[in-house]
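Peer 1: Provide a 3D model corresponding to the input given below.
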Amino acid sequence: MIELVRASPAHIGRIAHRMRLIDQRECAAMGKTAKTGLRSSLVASVVAYTAKIDGCPEGMFGVTPGSTIDGIGHPWMLATDVAFDCAREMLSAGPGLIALMHRRFRRLENIVSVENERAIRMLSRWGFEVGDEQMMVGRVPFVKFWREA
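Peer 2: Coordinates of the predicted model:
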């Protein structure tokens, strides 16, 4: 069972040490380790939650401000394989969290590695559009994703 709680710096170590390899690769492309990727995302977020499974932090997600004038926020999620093994529950939790993000931002947009197939499927199921045009960040190909309120 997934329990969503406010994200805390205390959750970072547990998630970082077991983070999915593709999420680690995305962090590295941005010049960060798993731990610094989680830490900087959490610090910059206006909304951030941790998914606990059986009491253990397994994923963290939130939204950072992009352009408050244009109403753009950047959603993010970094997780362990355990979180993605509970995909059905994650899919069910997503719409409520996205609604919280849309309370602050009209448009949600970010990038995701084209190799992150499970995240792309989840984003699509949550109503995000995923672009086709690839861009390289570091040595990792990414595509944009977005959703309007």
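Peer 1: I'd like the average pLDDT over the top strand by length along the chain.
Peer 2: Taking DSSP state E as the criterion, the chain has its longest strand at strand 56-67. Mean pLDDT, computed over strand 56-67, is 96.
Peer 1: now do stretch 104-117
Peer 2: On average, the pLDDT along stretch 104-117 is 97.
Peer 1: ditto for stretch 125-136
Peer 2: The model assigns stretch 125-136 a mean pLDDT of 97.
Peer 1: all helices in this protein, in order from the N-terminus.
Peer 2: 12-17, 21-29, 34-44, 81-85, 87-104, 117-125 (DSSP state H).
Peer 1: and the angle from the fifth one to helix 117-125?
Peer 2: Meaning helix 87-104. 60 degrees (axes from the mean of the first three to the mean of the last three Cα atoms, to 10 degrees).
Peer 1: So which elements touch helix 87-104?
Peer 2: In this structure, helix 87-104 makes packing contacts with strand 2-6, strand 47-53, strand 56-67, strand 72-79, strand 107-113, helix 117-125, judged by 3 or more Cβ pairs under 8 Å, 6 or more residues apart in numbering; DSSP states H and E. In short, each C-beta sits where N, CA and C put it, glycine included.
Peer 1: Tell me which of those approaches Gly131 most closely.
Peer 2: Closest approach to Gly131 among the helices and strands packed on helix 87-104 is made by strand 107-113 (8.9 Å; Cβ to Cβ).
Peer 1: Which neighbours in the sheet does the longest strand of the chain have, and how are they oriented?
Peer 2: strand 47-53 (antiparallel), strand 72-79 (antiparallel) (DSSP bridges).
Peer 1: how about those strands in TSV, adding mean pLDDT, distance to Leu38 and mean neighbour count?
Peer 2: Converted to TSV, these look like this (pLDDT from 0 to 100; distance: least, Cβ to Cβ, whole Å; neighbours: other Cβ atoms under 10 Å):
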stretch	mean pLDDT	distance to Leu38	mean neighbour count
strand 47-53	96	10	21
strand 72-79	98	6	22
